[in-house]
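S.K.: Quick one, what's the 3D model for this:
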Amino acid sequence: MTTATTLKSEPIAVAGILHLAFELGAKKWKLGFSTGLGQKPRERDITAGDTAALLAEIELAKRRFGLEETVRVVSCYEAGPEGFWLHRFLVAQGVENCVVDSSSIEVNRKLRRAKTDTLDVRSLLKLLIRHLLGEKKVWRVVHVPPAAVEDRRQLHRELAALTEDRTRMRNRVRALLKTQGVVLPKGGAWKRVAETLEAHRLWDGSPLGARLRERIGREVQRLELVDEQIRTIHRAMAADLKDAAESGGPVVMMQRLLALRSIGVQISRVLVMELFSWRDFHNRKEVGGSIGFNATPFQSGTSFREQGISKAGNVWVRRIIIQLAWSWVRLQPHSPLTQWFKRRFATGGRRERARGIVALARKLLIALWRYVHTGEVPTGAVVGPQETYVLKVA
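M.R.: Predicted structure coming up:
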């Protein structure tokens, strides 16, 4: 009597493809190679940033799996501190790479799950193969901006960082004086703070401590430096608007947005540089989803609730478009979008108005996307002369 032999599972290969997954660390990178599901991956460690070693390992993996030199190589890594330089390097070497949104990767939901670099690279490798086999929603792929677009983003992002630093410094000076019973008036006059320290007195009429005055003086010096840098960035933004503009280019888009009342230089720059000038959208759903303005329903059996917007998108545009929505309601009162908001949400409480302004921001973003690409002015919007809304530089 003979018994049937239990066959081992054969690896499911994707013909003519070498798969490569990265687990990027600060000191070393772990690489995982495979040609299909069910196959034990080839794993190697290299020094972080060693591109020569990376290319050598790719060639060794081709020989290890018996692949031709011209075989298609597809790779992936999680978006993170490395940014997009590795993606551009791989593409330049003929490797098809995708940068993956870390929050979209499948994980085990056990309370205590094992997590190591080896397990992570194997998981990424499996997901990459499934993605190439046709599972389109296995993860979300990040849209990588061109290098020139990424460089143009630096100006308004630096301005946002400097503005936060300035607020932090001003609050620190106010707090230091508040501990001594001295309250600074709200508003300007920050240049005179260091000069008037001698005039401030404690509760018993004695002057402020010498070390405290020295500290506040140094804080004010740093504040003046930040103010000068902010003014320099404002001048650079204004200068960009005067450059020779090519048809359909980012400068033309910014100028078109500036013609609408309630939109200033910084808002127009963020919308154009972060989104409109390089992303190709096919419909309004893609526009809203790009900054996380899509719904996240929760339904299980008879239980159903709405969890709010996903917030999975460009945070810079999401912040600025919500600020713009409040300005739009105030400065574009005859717009149908403003009238819709007032009918639906203006008479509600604070929570209801906050929900409504997000809905208005989504509608407004879609209307502005159509406007910058087709010239179709949002219905009822007031268009004024461009000179009125050009940034005033101190």
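S.K.: And the helices in the stretch 51-200 of the chain?
M.R.: Per DSSP state H, counting those that start in this stretch, the stretch 51-200 of the chain carries helices over the ranges 51-64, 85-92, 117-133, 147-152, 154-178.
S.K.: Of all these, which one is nearest Ala295?
M.R.: Ala295 lies closest, by CB to CB, to one member of these: helix 117-133, at 24.9 Å. Yep, even glycine has a C-beta here, placed from its N, CA and C like the rest.
S.K.: So for stretch 99-110, what gets flagged as buried?
M.R.: 99-100 (16 or more other CB atoms under 10 Å).
S.K.: got the contact list for it?
M.R.: For stretch 99-110, the external contacting residues (CB atoms under 8 Å, 6 or more residues apart in numbering) are 76-80, 84, 87, 113, 123-124, 127, 138-142, 144, 312.
S.K.: ok so, going back, please identify the most buried of the helices of the stretch 51-200 of the chain.
M.R.: Mean neighbour count, computed with mean count of other CB atoms under 10 Å, is highest for helix 117-133 among those, reaching a mean of 19.
S.K.: where does Gly238 land in three-state SS?
M.R.: You called it Gly, but residue 238 is Ala. At Ala238 the chain is in helix, as set by DSSP: H, G, I helix; E, B strand; the rest coil.
S.K.: and it, how many neighbours does it have?
M.R.: 14 (other CB atoms under 10 Å).
S.K.: surely it meets Ser268?
M.R.: No: with contacts counted by CB atoms under 8 Å, Ala238 stays clear of Ser268, the gap being 11.9 Å.
S.K.: Mind putting the helices of the stretch 51-200 of the chain into a markdown table with mean pLDDT and distance to Glu352?
M.R.: As requested, the helices of the stretch 51-200 of the chain are exported to a markdown table (pLDDT from 0 to 100; distance: least, CB to CB, whole Å):
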| stretch | mean pLDDT | distance to Glu352 |
| --- | --- | --- |
| helix 51-64 | 95 | 54 |
| helix 85-92 | 96 | 43 |
| helix 117-133 | 93 | 41 |
| helix 147-152 | 92 | 38 |
| helix 154-178 | 93 | 29 |
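S.K.: dump the residue contacts of Val226.
M.R.: Shown in contact with Val226 (CB under 8 Å, 6+ apart): 162, 165-166, 169.
S.K.: give the contact list for the residue most central in space within the chain.
M.R.: Central residue of the chain (CA atoms, centre = their mean): Asn314, 4.0 Å from the mean position. Contact analysis of Asn314 by CB under 8 Å, 6+ apart lists 274-275, 290-292.
S.K.: next one: Leu360
M.R.: For Leu360, the contacting residues are 325, 328-329, 337, 340-341, by CB under 8 Å, 6+ apart.
S.K.: cool, and Ala48?
M.R.: Applying CB under 8 Å, 6+ apart, we find Ala48 in contact with 24-29.
S.K.: so where does Val226 fall, helix or strand?
M.R.: Element membership for Val226 (DSSP states H and E) is helix 210-240.
S.K.: what angle do that helix and helix 154-178 make?
M.R.: Between helix 210-240 and helix 154-178, the angle comes out at 160 degrees (axes from the mean of the first three to the mean of the last three CA atoms, to 10 degrees).
S.K.: helix or strand right after helix 210-240?
M.R.: Once helix 210-240 ends, the next helix or strand along the chain (criterion: DSSP H and E) is helix 250-258.
S.K.: Now do the buried residues in that next one.
M.R.: For helix 250-258, the neighbour count (16+ other CB under 10 Å) marks 250-251, 253-258 as buried.
S.K.: Turn these into TSV, including distance to Leu18.
M.R.: Formatted as TSV, the buried residues of helix 250-258 follow (distance: CB to CB, whole Å):
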residue	distance to Leu18
Pro250	38
Val251	43
Met253	41
Met254	44
Gln255	47
Arg256	46
Leu257	45
Leu258	49
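S.K.: how many degrees apart are the helix or strand hosting Leu368 and helix 250-258 in direction?
M.R.: Secondary structure assigned from DSSP H and E places Leu368 in helix 350-374. With the same axes, to 10 degrees as the basis, helix 350-374 and helix 250-258 are set at 130 degrees to each other.
S.K.: what about Gly289, neighbour count?
M.R.: Counted by other CB under 10 Å, the residues lying close to Gly289 total 18.
S.K.: what sits against it?
M.R.: Taking CB under 8 Å, 6+ apart, we find Gly289 in contact with 310, 313.
S.K.: pLDDT score for it?
M.R.: pLDDT for Gly289: 89.
S.K.: low pLDDT regions in the stretch 201-350 of the chain?
M.R.: 244-245 (pLDDT under 70).
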